[in-house]
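*Asks:* This is the structure alone, sequence omitted:
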């Protein structure tokens, strides 16, 4: 009988915690969420010597047990709750050999909770280059622990770590620092009032931020023996505690740690001189952005075209092979294209996360945050909002997921709410066809008018995002007191394994999370478009073939005409007619109405829907364009797509949310329907009003 | 006038003296920003905000509003290594 050992990996951010987790568990890991919050929970299984198995949790990175964010709070809640099924038998505290002093602060706190702890000194391969030498025996003795020197880059020390985990029962639980020295009277009172409680644990519970009220605070009320202290007094005591811990750590390191300063400097300073430079820093950032855009738009178009073709032929194959009937139609026209609509985003999302994780792993992202913070802050955003806003030009879904490392909830929420305004790749097909229809292909001051319009739309999206951020910042009353500190980590060559695991994990989470909803919507749309309530729908074939001018048509033209007639009388066609009064002031007819409704699932559906409605058999853009140009406005008799209605449509698509998957991801990231619904209603109304004004003015 | 980290020039070093407010965030202390420790200004972003510092071996960036709360004694140039 071998019981699984519960192991918690704990450490400061940028100590290589995730690399060690990946080394211990391989691909044998799963990523989920902690119940009720969207903090990522990473778990895995590791085989130890002598057939013992370890269940490993990679806890969020934290600088100490004094939590100021949800991520950090997860660590404390687990360590204070012995009843939690994940409560660790042993804590593995990961430190970076170059930042040992700061990293040990957290270690001493964990030791003081009397949890058996192993100290991992990571990045040991850098010691020689940085002129660092460690006296392991002295350190082990003074810190009452066992030390594993690990290098994930050179793959050394992992076996020693596994050995130590397997023998966790031999670890000492002697604490490091006596916190009661901070204020002897106060702690004596506390001890007298709660004789059965661990004093340091009590202290942690008392000092935890009031935001995190899940802990059992009723425990601590005024009693005769002990009086509570004010917030600011408690804070001062925390300061004293931190000083006390650093005194202890300095004492330990004086004996067991030596660094030859002359060996250290150089590389980092040289690179920083360029990458954080007032001018060159921005130039480099701009060039990197350009590369990312190139990858997302250009390079990913090849796999995307391939996927598109693959699903189209798969759909065709299903139609021909399976017995004809409603079920086959559902599979061939509903489910397979629906799945294709999910899978087609994989190349873009994978590219995006590839770049983002390389930028993060290398340490560059912190420099971008440094460069952009002041500018973004004017609009209620943080330097850390830059990443999502950039990602948003590909797709709002990964962009919203990329907001997770913004510590301030308010800044994060604003970023999530404004990101869908950024012109995403799904708007592009809509923009292109409408611009081609309504903007003359002429030159103005030597520049192509159509090109200028497209650029203006990108600019408009970005400016709207920034302006709404500014407005939200004034309006929103969200309690959030995080302040801004960014660690500027050392530059590192990204580990291929870490980058690949991130890309796979994020892509998987997109496909299965948002994918479910895209699939459901496309099935519903298919059903509504291929069924109708009246006889007209059922008898479409007879009605069309009996029309006199149908005789001259070829078979293909006839079948597209039947399809168009069917669509008009399907549920979705009826819905299009129903909303016509609402959209007529914008210059649209019922057919555009259908496209508006169906493109709610995803914007790019707009062009496809119009193509079907205007009975265009082939999907050559030219043909759709000509058909659209021929459409007449039933009231004025002029072209349906003119400058007024075209601009109105462009503005509508620039501002309306029109993307089920974004709604779904915002719901997941904000944990409720409140924000995505508010966002949806606001963006739709805003889009409607601007489109209305534009049409009425230009008309 | 009291000198704070916000007064430092690029490449200048100083010793942290004290905080002019009680509500200095605990995070900063945890990262080694404690009285008596050395601080060096490595880089300033445009508009003089944020500031990129090396505090006692920790490399971090803070906003100007925080830097204004941290009082210092500048180490004269001649003494620097």
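*Replies:* Good, I have the coordinates. Keep in mind that this is a model prediction, so the values were computed, not measured.
*Asks:* From here on, just use CA atoms for contacts and neighbour counts.
*Replies:* Will do.
*Asks:* Measure how buried the closest residue in space to residue A:158 that isn't next to it in sequence is and give me the count.
*Replies:* Counting by CA to CA, 6 or more residues apart in numbering or on different chains, residue A:158 lies nearest to residue A:150, which is 6.2 Å off, once chain neighbours are set aside. Here the count is done by other CA atoms under 10 Å in any protein chain shown, and residue A:150 has 25 residues near it.
*Asks:* and if you look at the one 5 residues further on?
*Replies:* As a burial measure, the neighbour count of residue A:155 was computed by other CA under 10 Å and equals 12.
*Asks:* what do you get for the one 5 residues further on?
*Replies:* Residue A:160 has 14 neighbours, counted by other CA under 10 Å.
*Asks:* Contacts for the helix or strand hosting it, please.
*Replies:* Assessed by DSSP states H and E, residue A:160 sits inside helix A:158-166. Residues outside helix A:158-166 that contact it (CA atoms under 8 Å, 6 or more residues apart in numbering or on different chains): A:7, A:23-24, A:48-49, A:52, A:90, A:118, A:120, A:146, A:148, A:150-152.
*Asks:* The same query, at a cut-off of 7 Å, please.
*Replies:* Defining contact as CA atoms under 7 Å, 6 or more residues apart in numbering or on different chains, one finds that helix A:158-166 is touched by A:48, A:49, A:52, A:148, A:150.
*Asks:* Show me which parts of it are buried, residue by residue.
*Replies:* A:158, A:161, A:162, A:164, A:165, A:166 (16 or more other CA atoms under 10 Å in any protein chain shown).
*Asks:* Go through the helix or strand following it and flag the buried ones.
*Replies:* Per DSSP H and E, the first helix or strand lying C-terminal to helix A:158-166 is helix A:184-193. Buried residues in helix A:184-193, defined by neighbour count with 16+ other CA under 10 Å: A:187, A:189, A:190, A:191, A:193.
*Asks:* Contacts only, for the residue in chain B positioned nearest to chain A.
*Replies:* Proximity of chain B to chain A (CA to the nearest CA) peaks at residue B:60, 4.2 Å away. Applying CA under 7 Å, 6+ apart, we find residue B:60 in contact with A:485, A:486, A:487, A:488, B:52, B:53, B:54.
*Asks:* okay, the buried residues of helix A:158-166 in a markdown table with distance to residue A:400 and pLDDT next?
*Replies:* Converted to a markdown table, the buried residues of helix A:158-166 look like this (distance: CA to CA, whole Å; pLDDT from 0 to 100):
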| residue | distance to residue A:400 | pLDDT |
| --- | --- | --- |
| A:158 | 35 | 92 |
| A:161 | 37 | 94 |
| A:162 | 37 | 94 |
| A:164 | 40 | 93 |
| A:165 | 37 | 93 |
| A:166 | 40 | 92 |
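*Asks:* Show me which residues of chain B sit near chain A.
*Replies:* Proximity of chain B to chain A, by CA under 7 Å from any CA of the partner chain, involves residues B:26, B:29-32, B:45-46, B:49-50, B:58-63.
*Asks:* how about a cut-off of 10 Å?
*Replies:* Residues of chain B found near chain A (CA under 10 Å from any CA of the partner chain) are B:22-35, B:42-54, B:56-66.
*Asks:* which of those are buried?
*Replies:* Buried members of these, counted by 16+ other CA under 10 Å: B:24-35, B:42-46, B:49-54, B:56-64, B:66.
*Asks:* which ones among these are found in helices?
*Replies:* Among these, DSSP state H puts B:26, B:27, B:28, B:29, B:30, B:64, B:66 in helices.
*Asks:* Might one say that residue A:301 is in contact with residue A:347?
*Replies:* Yes - taking contacts as CA atoms under 10 Å, residue A:301 lies within contact range of residue A:347: 8.1 Å.
*Asks:* Mutual contacts of those two, please.
*Replies:* A:295, A:307 (CA atoms under 10 Å, 6 or more residues apart in numbering or on different chains).
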